[in-house]
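Here you go, sequence then predicted model.
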Amino acid sequence: MARYQIILAYDGTGFYGSQRQAKARTVQGELETALRRIGWVGRSVLLAGRTDTGVHASGQVAALDFDNWKHSPAELLDALNSQLPRDMAASHVTLTTDAFHPRFDAIARCYVYRLFFQAARDPLRERYAWRIWPPLEVEALREAASLLLGTHDFAPFGTPPRPESTTVRTIQQAEWQIHDDELRFTVQAEAFLYRMVRRMTFIQVAAAQGRLSAQTLADVVAGRSSGERLPAGLAPAHGLCLVSVSYPNRE
């Protein structure tokens, strides 16, 4: 069996999420359609993680078995990109082990959320970042991010993939950085709850806007208070990007 690992980038604007749906355009659906055009006869590709409608990716990972591909991984990369739509591209294709699973073998996933401060609308820029006005204090965002680090029950911030699954997650990195006139929130964990990053971003912005105190956020994260005290809402999908998925060294 020949199993290939593919690194994908896509502009999420035109997709109803990453997972295949019967009557909607999705990342998985477009990838499988492109693969079938070059001779793939498999039933389904595997993805490292689910991205919501409108969420982007520069480092989504897919895996598939393609026994009847008789050329090099580099030629598969070229052939695949010739068939993918303009808002998707593969950046790397490599042979991997038969047992590799992009979701279950992952040890970390990293997302970046982008926002900027501007009074007037900016249609081009707002395709990939959340416009906020008036400006926020960066230090308030950084204080809020520091409270998210570590292992906690993040039930107030998202839902698990299955009802019986745990909502405990470990945040390995959570920091805000300034890039020119833009702020970027980088967050990494072994795994996330559904919509967890967008929820965390919204809550940090609300804290920086003075709509909840740092103490309230600290209490909720520590399990000393219910999520009902947090403002309802999610950061817009278009500011979020899955940038990388990490795996153990298999050499």
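In hand now; what should we look at?

got the buried residues for the strand or helix carrying R36?
Assigned by DSSP states H and E, R36 falls within helix 27-37. Across helix 27-37, burial judged by 16 or more other CB atoms under 10 Å covers V27, Q28, G29, E30, L31, E32, A34, L35. From N, CA and C alone the C-beta is placed, and that goes for glycine too.

how about those in JSON lines, adding pLDDT and distance to L240?
Formatted as JSON lines, the buried residues of helix 27-37 follow (pLDDT from 0 to 100; distance: CB to CB, whole Å):
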{"residue": "V27", "pLDDT": "98", "distance to L240": "14"}
{"residue": "Q28", "pLDDT": "98", "distance to L240": "18"}
{"residue": "G29", "pLDDT": "98", "distance to L240": "21"}
{"residue": "E30", "pLDDT": "98", "distance to L240": "19"}
{"residue": "L31", "pLDDT": "98", "distance to L240": "20"}
{"residue": "E32", "pLDDT": "98", "distance to L240": "24"}
{"residue": "A34", "pLDDT": "98", "distance to L240": "24"}
{"residue": "L35", "pLDDT": "98", "distance to L240": "26"}
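
Tell me the one of these nearest S146?
V27 (32.9 Å; CB to CB).

Which residue, neighbours along the chain excluded, lies closest to that closest one?
With CB to CB, 6 or more residues apart in numbering as the criterion, V27 has its nearest non-adjacent residue at 4.2 Å, and that residue is S18.

part of a helix, is the one you found?
No - assigned with DSSP: H, G, I helix; E, B strand; the rest coil, S18 falls outside any helix and is coil.

count of neighbours near it?
Applying other CB atoms under 10 Å, we find 25 residues neighbouring S18.

on that earlier part again, can you spell out which helices and strands pack onto the helix holding R36?
strand 3-10, strand 56-65, helix 73-83, strand 88-96 (3 or more CB pairs under 8 Å, 6 or more residues apart in numbering; DSSP states H and E).

and the third one, which residues are buried?
Along helix 73-83, the positions that meet the burial threshold by neighbour count (16+ other CB under 10 Å) are P73, L76, L77, A79, L80.

Lowest mean pLDDT among the helices and strands of this protein, which one is it?
Sorting the helices and strands of the chain by mean pLDDT, DSSP states H and E puts helix 214-221 at the bottom, at a mean of 94.

now the residue nearest to V27: how far from L141?
Relative to L141, S18 is positioned 28 Å away (CB to CB, to the nearest Å).

cool, and L149?
Taken as CB to CB, the span from L149 to L141 is 14 Å.

likewise G54?
G54 is 22 Å from L141, by CB to CB.

Next: F104.
The value you get for F104 to L141, if CB to CB is used, is 33 Å.

Counting neighbours, go ahead and name the busier of those two.
More neighbours surround L141 than the other of F104 and L141, with 20 against 9 (other CB under 10 Å).
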